[in-house]
Structure formats: C-alpha cells, structure tokens
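S.K.: what follows is a predicted structure for the sequence shown.
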Amino acid sequence: DFETWSPVDLREKGVHNYMRHPETKALCAAFSVVNPATPMPIQVESKVLAVPETELGTLVEGNAWRFLLKQAEGRVLVAHNLEFELLLLQRKAAEYNLPLKLEGILDTAALAQGRGLGRSLRQAAAMVGAKKLDEDGSLIKEFCTGPEKTYWELVNHPRWEELNLYCRTDVEVMHEVMTTLPYRGFDIESPRQLAALEMNDNGWPVDMDSVRSMKAMADINKEEAFNAFCRAYPGTPETFFGSSKQLKQFTRDRGIVMDSFDEQHVTAMVEKLEAKHLTSENEEQVLDMLHTKQLLGGSGLNKLDVIERMVGDDDRLRGQYMHIGAGQSFRTTGVGVQMQNLKRLPPQLYDLPHFLKLWEENWRQSYRWTNDVLGTNLRQLFNVEEPGRLIVGDFSSVESRGLAWMADAQWKLDAFFEGKDMYKVMASQIF
C-alpha cells in the first residue's frame, strides 16, 4: 500500500493522469511478504519514501524502490484497487531501469466486489471484522491533498507517524480480506485483470479538436433551444430540462402522463402526438417541450465533459475499464466515459472531423448539426494510430445467447435463429 501526494485531483482526472504527472510522489509504503495461509498477525514492514531534495535523498529513495521491487520479484502482488499501486511500481521500475517481474496479481477490491461486499476497503474490512483507520478522512486530506509539504514538514508533522500506521493497517486489513474470503478461481482472474489493465494503460486516441468543436456546437444548440422555449413559456427555471420531477409536472398539468423522459420514451410520445391529425393546445405544448428536449440532446453529450476532464496530455483516454466492476456476473465494466454506451453510428455516415473543421473555419456561422445527430456520432471522436485498424463489434443480447448455448436451451436458441422477439417468447413461456 502506498500513500501519495499529487497536484492532480485523482477523482476528477483518473488514476492514469494522477500517476503520469511528474510531481506525483510517494510519501510512504507498507508491505508484507506472506504465504496466503499465514494466520494473523502478519509482519508488516514500512518504508518512508519521502526524502529531502538532496543528492543523498535521491540515493536513499532509489535504494528504497530497488528494495521494494526486489521484494515483488516472482511473487503475486496483492493490493486494494490494485491499479493504483501497480502503476506506481511500473513508473518507478522504469525510472530506475529495473525489471518488475510478477507471478500474478490479486486485487482485494475485485475479490470483495465478487463476493458482494463492494469495492471500498472500509466496507470490506467491516464485513470481515477488521478495522480501518482514519474514519473521517482527515488524515488523507492533510497529507495527500492540498499544498505540497517539504520532507521536513512531513516528518515533523504531529500526525506523520499516524499516516505510517494508517498505511501499515491497510496492509493488515487487505491480508484479512484475502484470508477470510475464498478466492479459489482468482488464478484465472489474474490474467483477465492484467488484460483489462493493459487496455486501460494503452487507452483510446481521441480527436480533441473535434471534441472541443462538438462541445461548442452542442452548447450553442442548447442555448438557442432553451432560450426559444423560455420565450414561449416565461418563467421556465434553468433546471427544468434536467429535472424529471418538473417535466412530469409540465405534462401532467396538460393531461399527459409520462413516467420517463429518456430518449426512447420521448421519441415514442413525439411519434404518438405527431400521428394525430388534430391535437389540442395542451398536446401542442407537450409536443413543443419534447421537441425542445430532443434539440437539447440526451445525456450522451455529457460524455464530452468527461473526455475533456480525463484525457491525458497526449490526447489518449485511459483507465476506462474496471475488472469485476459487476460483482454478480464478474464482468469487466466501463467507467468514466462508459465506452460501451456510445451510440451506434447512423447508417448515413458523414465525416465528423471534416464537418467540424469547416464549421470552425467559417467562424461557427455555417450550418450546424442538431444535438441528437451529434450524439449519434460520438464514436467518430475516437481514432486509431496507423497501421492499426478500429474494429467495432456490437453483439446483440450476447449474454443471453451465450447462456442459452451453455444451458443447451434449444427453444431459446431456436428463437434467436428465427429472429423472434425474445421478450415476447419469454413471456409466452412464463404465462
């Protein structure tokens, strides 16, 4: 376990930008070399990694990292939210030109998640009867965020020893989680998690010029659509289109009940109202509101803000996958931008980067795409470096198809082969 300081906001920018920042530094480390069957208590060692900015200090730090990397050689690395510790070890191994040769990895966060305990170390600790320190988070806030402290400010701080104890206690808690929870089968999870971490580290190349132009176009569209609606309906609060409660009240006051305002339900209601030859004034107002919501675009365009926040200095988006993010199914899940939720590209495909470039060259005065069209072209923001190719595989109901094959459920397989509506087929089986 490492305790670190960085000027980078870990939650906002993600672990990869945090670890890649040149000013990110380790303050202290705690570790134990154990056999998984070793009973508590275990022998936990600690290392002070913060050093004075002198030639001797640099030598001391280098020796400390050489020692830690030597301890890891040929062993299974165990850590909680392991990507953080692994990235730091990899960075220091490269910095000191040393090998990092691991037998495998075990993430106690994934282990706890797979056993239904959640990914928080505090949460997992409570479930296995262990106790994690720093209940109010003030210790981490004091040392790991805010203004950087010099070496002497650190070691003379009245809570410095408490931070080292906190670090050692976390290792003891991880060991308790590891020895309490069964982890048979995690031998096959190690290469799977390493594959997910490799994807995270490689990242996605992003066309940031197009991201910035698309966001500017979307913001102009939103402002125009919202202002037009406010002129028709004075007193509309700024939060209106983001509040399901206010939208429901608007439609209910006009005799129409809508339980959801996601893209699917909004489109269905628009089609229903437009199909009527004659609509009442109330229905016209609801239709006006729904059209405005479509012009504003769905939540997919919020991904532009996430991309801008999490993209690295090299225009690569890293850290977008979490191993065993779904505890019940052990699936790797998306985090951050949620790449798996990007809409499919439309059948009639236009060159988004070229279109946005022309728009910028015309001082943003030329024709604009609507926000719903922009939302369906988000995939064009991600590219690939030559000579690679970007291959998109979108497998409909892949989990259901795979389970039907594994369970030898021929009736279900036949329904898939025949292109039937699986929901209706399942309902007919049940009722």
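M.R.: On my side now, so go ahead. Residues are numbered from 1 along each chain as shown.
S.K.: run through the stretch 101-250 of the chain and note the low-pLDDT ranges.
M.R.: Counting by pLDDT under 70, the stretch 101-250 of the chain shows low-confidence ranges at 183-186.
S.K.: would you map the strands across it?
M.R.: 104-107, 204-205 (DSSP state E, counting those that start in this stretch).
S.K.: local confidence estimate at Pro41?
M.R.: pLDDT, Pro41: 73.
S.K.: from Lys141, how far out is it?
M.R.: Look at Pro41 and Lys141: by C-beta to C-beta, to the nearest Å, they are 29 Å apart. The C-beta positions use only the backbone N, C-alpha and C, and glycine is treated the same way.
S.K.: likewise Thr4?
M.R.: Distance from Thr4 to Lys141, by C-beta to C-beta: 13 Å.
S.K.: likewise for Arg252?
M.R.: Distance from Arg252 to Lys141, by C-beta to C-beta: 45 Å.
S.K.: just Val392 next, same as before
M.R.: Distance from Val392 to Lys141, by C-beta to C-beta: 43 Å.
S.K.: coming back round to it: pick the most deeply packed of the strands of the stretch 101-250 of the chain.
M.R.: strand 104-107 (a mean of 21; mean count of other C-beta atoms under 10 Å).
S.K.: got a list of contacts for that strand?
M.R.: 76-83, 86, 178, 183, 186-187, 190-191, 193-194, 323-324 (C-beta atoms under 8 Å, 6 or more residues apart in numbering).
S.K.: go with 6 Å
M.R.: Strand 104-107 has contacts (C-beta atoms under 6 Å, 6 or more residues apart in numbering) with Val76, Leu77, Val78, Leu82, Phe186, Ser190.
S.K.: okay, now Phe416: neighbour count?
M.R.: 16 (other C-beta atoms under 10 Å).
S.K.: now swap in the one 5 residues further on and tell me
M.R.: The local packing count at Asp421 equals 9, with neighbours defined by other C-beta under 10 Å.
S.K.: contacting residues around it?
M.R.: Here Asp421 is in contact with no residues (criterion: C-beta under 6 Å, 6+ apart).
S.K.: over to the residue most central in space within the chain: give its phi and psi.
M.R.: When C-alpha atoms, centre = their mean is applied to the chain, the residue found nearest the centroid is Val335 (2.0 Å). In terms of degrees, to the nearest 10, the main-chain angles of Val335 are phi -130, psi 170.
S.K.: distance check, it against Asp414.
M.R.: Val335 is 37 Å from Asp414, by C-beta to C-beta.
S.K.: circling back to that earlier point, over to the closest residue to the residue nearest to the centre of the chain other than its chain neighbours. Which of the three states is it?
M.R.: Nearest residue to Val335, sequence neighbours excluded (C-beta to C-beta, 6 or more residues apart in numbering): Met322, at 5.0 Å. At Met322 the chain is in strand, as set by DSSP: H, G, I helix; E, B strand; the rest coil.
S.K.: and Met322, how far from Lys420?
M.R.: 34 Å.
S.K.: okay, the two: which has more neighbours?
M.R.: Met322 (23 against 13).
S.K.: bridged to the more buried one, which residues?
M.R.: With DSSP bridges as the criterion, Met322 is bridged to Thr333.
S.K.: longest helix anywhere in the protein?
M.R.: Counting residues, the longest helix in the chain under DSSP state H turns out to be helix 208-232.
S.K.: distance from the chain centre to that helix, please.
M.R.: Computed by C-alpha atoms, centre = their mean, to the nearest Å, the chain-centroid distance of helix 208-232 equals 26 Å.
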